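[1] Just need the structure, nothing else, for what follows:
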Amino acid sequence: QVQLDESGGGLVQAGGSLRLSCTPHDRTFRVYAMAWFRQAPGKEREFVAYIRSNGHVTYYADSVKGRFTISRNDAENTVYLQMNSLQPEDTAAYYCANYRSDSVYRISSYDYWGQGTQVTVSS
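    Residues are numbered from 1 along each chain as shown. Have a look, this model is predicted:
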């Protein structure tokens, strides 16, 4: 079992920004294709963004396009999620996940998950 560590969550006012980070707890595990999901209270976990191992292919949920950017630093073995223009509806626990196979939008396509980092956006 591989543990992924997320950080960077917090409380921010609407319109503000946060940057989330995800790195394997075991530094010998190399991150390749990765994604961010989020889950708000009482709602299902939903796809946010995906980045392929080469870093040149990314996908985003329509709700975050133009505001969020997923990126990676292979030297640091870390994947980031830059979140700008945050809105109260972005409030959720954010999870990074290691892609395994099939559709990048499905939870079942990911094998390892982090514990989540909370993002709260006040109005």
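
[2] hey, let's count contacts and neighbours off CA atoms from now on
    Fine.

[3] okay, now S101: neighbour count?
    The criterion is other CA atoms under 10 Å. On that basis, S101 has 12 neighbouring residues.

[4] which stretches of the chain have low pLDDT?
    Within the chain, no stretch has pLDDT under 70.

[5] At which residues are the strands of the protein located?
    In order along the chain, the chain carries the following strands (DSSP state E): 4-7, 10-13, 18-24, 34-39, 46-51, 58-60, 68-73, 78-83, 92-99, 110-113, 117-122.

[6] Please name every helix or strand in contact with the first one.
    Spelled out, that is strand 4-7. Strand 4-7 sits against strand 18-24, strand 92-99, with contacts defined as 3 or more CA pairs under 8 Å, 6 or more residues apart in numbering; DSSP states H and E.

[7] Please compute how far the longest one lies from its chain's middle.
    For strand 92-99, the distance between its averaged C-alpha position and the chain's averaged C-alpha position is 5 Å (CA atoms, centre = their mean, to the nearest Å).

[8] show me the contacts for the nearest residue to A97 once chain neighbours are set aside.
    Counting by CA to CA, 6 or more residues apart in numbering, A97 lies nearest to W113, which is 4.4 Å off, once chain neighbours are set aside. In this structure, W113 makes contact with 3-4, 95-98, judged by CA atoms under 8 Å, 6 or more residues apart in numbering.
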